[in-house]
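Q: A predicted structure for the sequence below; I have some questions about it.
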Amino acid sequence: MYPQKPSETYDPTAPPVIGAPIYQAAPPPMYPMQSVRPQEWSSGLCDCGQDCKTCCLACFCPCIAFGRIAEIVDQGTTPCATSGAIYAILTCFTGCQWVYSCMYRSKLRTQYSLPESPCNDCLIHCCCEPCALSQEYRELQTRGFDMKIGFQANMARQAGIAMTAPPSIQGGMMK
């Protein structure tokens with residue numbers, strides 16, 4: 001089937017040669033790679049002083065910070081409230097919310113080709129959860145996301161579509 005020597009030509013009617021290599025195309029990747037070389041984080045793990053609002057949010061309301069991060073990383077498939085509620089329930093009943101949040105750090109790193117530094121994602125979230133959440137929050141802000149408006153509104157904003165507010169309803173009874 002395949003020529004053994006350069007002087008031989010291919011004959012489609014010839015029987016296949018046993019042991020000849022079979023060439024197949026590689027399957028396409030599930031997600032297109034953004035970059036072959038890993039990029040660097042926009043801020044360090046302990047750079048909480050760069051943005052005090054984000055630091056306070058991650059320290060005192062981590063379920064809100066995590067919910068916002070998860071909505072952006074999941075590209076809007078999981079709402080902020082759902083992720084934040086799961087995070088809060090895990091915090092209250094198991095204390096192992098860091099397992100859930102480290103999975104999202106891994107997703108974030110994969111999406112943006114970020115290095116796993118300074119150490120393993122789960123170790124970072126286990127030992128310094130507020131710092132990890134703060135770093136992830138800052139990273140998404142640096143990449144142009146307004147964390148307060150959610151994924152869908154960010155996509156509309158990037159596409160230049162104006163988001164309109166619903167009409168206001170007057171309160172009380174009118175004569």
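A: That came in fine, so what should we check first? Residues are numbered from 1 along each chain as shown.
Q: What segments of this protein are helices?
A: Listed in chain order, the helices of the chain (DSSP state H) span 52-60, 62-73, 80-93, 97-112, 121-127, 129-142, 150-159.
Q: Identify each buried residue in the first one, please.
A: Neighbour counts over helix 52-60 (16 or more other C-beta atoms under 10 Å) mark 54-55, 57-58 as buried. Bear in mind the C-beta positions are built from the backbone N, C-alpha and C, glycine included.
Q: so which of these would you say is closest to residue 141?
A: residue 54 (7.6 Å; C-beta to C-beta).
Q: low-confidence ranges in this protein?
A: Where the chain drops to pLDDT under 70, the residues are 1-38, 162-168, 170-175.
Q: and with 50 instead?
A: Residues of the chain that meet the criterion pLDDT under 50 lie in 24-35.
Q: Residue 118: neighbour count?
A: Using other C-beta atoms under 10 Å, residue 118 has 11 other residues around it.
Q: Enumerate every residue touching the nearest residue in space to it that is not next to it in sequence.
A: Once flanking residues are discounted, residue 118 sits nearest to residue 45: 6.2 Å by C-beta to C-beta, 6 or more residues apart in numbering. With contacts defined as C-beta atoms under 8 Å, 6 or more residues apart in numbering, the neighbours of residue 45 are 118, 124, 128, 131-132, 135.
Q: Now distance to residue 75 too, for the buried residues of helix 52-60, in CSV please.
A: Putting those into CSV (distance: C-beta to C-beta, whole Å) gives the following:
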residue, distance to residue 75
54, 21
55, 26
57, 22
58, 22
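Q: returning to that earlier point: point out the most buried one among the helices of the chain.
A: Most buried of the helices of the chain by mean neighbour count (mean count of other C-beta atoms under 10 Å) is helix 62-73; its value is a mean of 24.
Q: Who are the packing partners of that helix?
A: Packed against helix 62-73, as judged by 3 or more C-beta pairs under 8 Å, 6 or more residues apart in numbering; DSSP states H and E, are the following elements: helix 52-60, helix 80-93, helix 97-112, helix 129-142, helix 150-159.
Q: Out of the ones you listed, which gets nearest to residue 68?
A: For residue 68, the closest of these is helix 80-93, at 5.4 Å, according to C-beta to C-beta.
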